[in-house]
Structure formats: structure tokens, C-alpha cells
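Undergrad: Any chance you could fold what I've pasted below:
(one chain, ligands or ions: 1)
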Amino acid sequence: MLNEELKKLEKEVHSCKACPLFESRINTVFSDGSSSAKIVLIGEAPGADEDKLGKPFVGRAGKLLDELLKLAEINRQEDLYIINTLKCRPPQNRKPKKEEKLACEKFLKKQIELVNPKVIVLCGATAMESFLDKSLKISKVRGSVFEIENRKFVPIFHPSYLLRQHSKEENAPRSLTVKDLKMIKKMTLF
Ligand code: URA
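TA: This is a model prediction of the structure:
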């Protein structure tokens with residue numbers, strides 16, 4: 001039933017022309033992972049690799065995300081349902097525009113409603129701004145749990161940002177993200 005509803009929604013996304021991004025897309029990018037996962041992870045928008053393959057987080061940032069998930073003992077295919085705020089690639093990977101986010105919002109909200117996760121992980125500022133106060137800074141609030149309308153949200157650094165942060169120090173962004181992911185996994189155990 002759940003998977004049927006998600007399939008129906010995916011078909012809707014596939015034929016969506018609600019914003020101009022449909023003109024330049026190769027594929028729509030709906031989701032990856034498991035619809036019965038307790039964690040929904042939300043990124044920004046598809047990049048070139050995602051547009052080509054029709055799956056979220058399969059490019060360089062996705063490979064780094066996979067490494068960090070492994071370190072936190074989170075199984076990408078079983079423990080996560082991975083989506084983006086936008087289902088189509090913005091040209092040159094520019095930031096999503098307000099009207100594009102608005103046009104895509106109903107799909108994002110419906111995916112969350114159907115999967116009904118215990119925790120929602122907001123990867124980077126774009127995903128965070130879709131749910132939390134726009135004045136928040138990710139560097140200040142990453143790893144914090146926000147409870148809104150009975151849903152728990154945890155912002156973390158975006159893997160594209162982490163690609164430029166190489167330090168292995170305990171308090172460096174990559175280590176902090178692994179720490180955040182470990183905490184998120186724990187939140188799903190009770
Ligand atoms: N960055 C994102 O935010 N999402 C993807 O799917 C890939 C890169």
C-alpha cells in the first residue's frame with residue numbers, strides 16, 4: 001500500500017511541469033533507500049550525476065555521504081529513505097529558487113507523510129530552511145534536535161561542503177558529522 005502510493009507519487013513527479021526545471025532535466029530524482037526506514041535524509045537538489053542516473057546522492061558528495069554513513073553504521077539501503085528538496089536539477093547546480101522549492105514542496109511533504117519517519121535529517125542549509133527558522137546557521141545548530149508538530153528534525157553539514165573539509169580532527173566538520181549520524185541512529189533505536 002505504502003509502496004503503491006509512493007509509486008503513484010513518483011509517476012506524478014515524473015510528469016511534473018510545475019516549474020521551468022522540467023525543460024532541462026534528463027531524469028526526475030525521486031528517492032533511494034527504503035520506504036520503511038526510520039530516517040528520512042533530505043538533500044538540496046540533484047546534481048549532474050543524479051540527473052543522469054535518476055537517483056539522489058550518487059555523485060562525489062554521495063560517495064562521501066556513503067563513507068560517513070558506514071562510519072556511523074547506518075545502512076544506506078535499509079536504514080534510510082533519501083530524498084531532495086527539489087526533484088529536478090537546477091542548471092549549473094545553482095541554489096534552488098524560492099518558486100522552485102514552492103512548486104516541489106507538495107512532493108517533499110507527501111513523501112515525509114507517507115514514510116512517516118522517526119527522524120528527519122536536514123542535509124545543509126537548503127533542506128534546513130525548508131523546515132526550520134531561516135535565520136539559523138548550520139554551523140551553530142548541526143547535531144541539534146528540533147521538534148516541530150511531532151516530528152524530529154536534525155540538521156547536519158551537507159556532504160558537498162564536507163568535500164572541501166579534509167581535517168580528521170575530532171572537532172572538524174567531518175568527524176562532527178559522523179558523531180551527528182551516530183546520534184541520529186541511536187534516536188531510532190528506542
Ligand atoms: N547534493 C544533494 O543535495 N542531493 C543530491 O542528490 C546530490 C548532491
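
Undergrad: Can you name the helix or strand that Asn171 falls in?
TA: In this structure, Asn171 is located outside every helix and strand according to DSSP states H and E.

Undergrad: how much space between it and the ligand?
TA: Here the distance between Asn171 and the ligand works out to 24 Å (C-beta to the nearest ligand atom, to the nearest Å). For glycine as for every other residue, the C-beta is placed from the backbone atoms N, C-alpha and C.

Undergrad: mind listing what Leu9 touches?
TA: The neighbourhood of Leu9, defined by C-beta atoms under 8 Å, 6 or more residues apart in numbering, consists of Phe30, Phe107, Lys110, Gln111, Leu114.

Undergrad: And for Val145?
TA: By C-beta under 8 Å, 6+ apart, the residues touching Val145 are Lys152, Phe153, Val154, Met187.

Undergrad: returning to what we had before: the contacts of Leu9 in helices, which ones?
TA: Where the contacts of Leu9 overlap with helices, as defined by DSSP state H, the overlap consists of Phe107, Lys110, Gln111, Leu114.

Undergrad: What pLDDT is listed against the second one?
TA: Per-residue confidence at Lys110 stands at 98 (pLDDT).

Undergrad: can you give me the mean pLDDT across stretch 122-138?
TA: Here stretch 122-138 scores 97 as its mean pLDDT.

Undergrad: what does it contact?
TA: By C-beta under 8 Å, 6+ apart, the surrounding residues in contact with stretch 122-138 are 41-45, 65, 84-85, 95-96, 101, 105, 108, 120, 141, 146, 148, 153-161.
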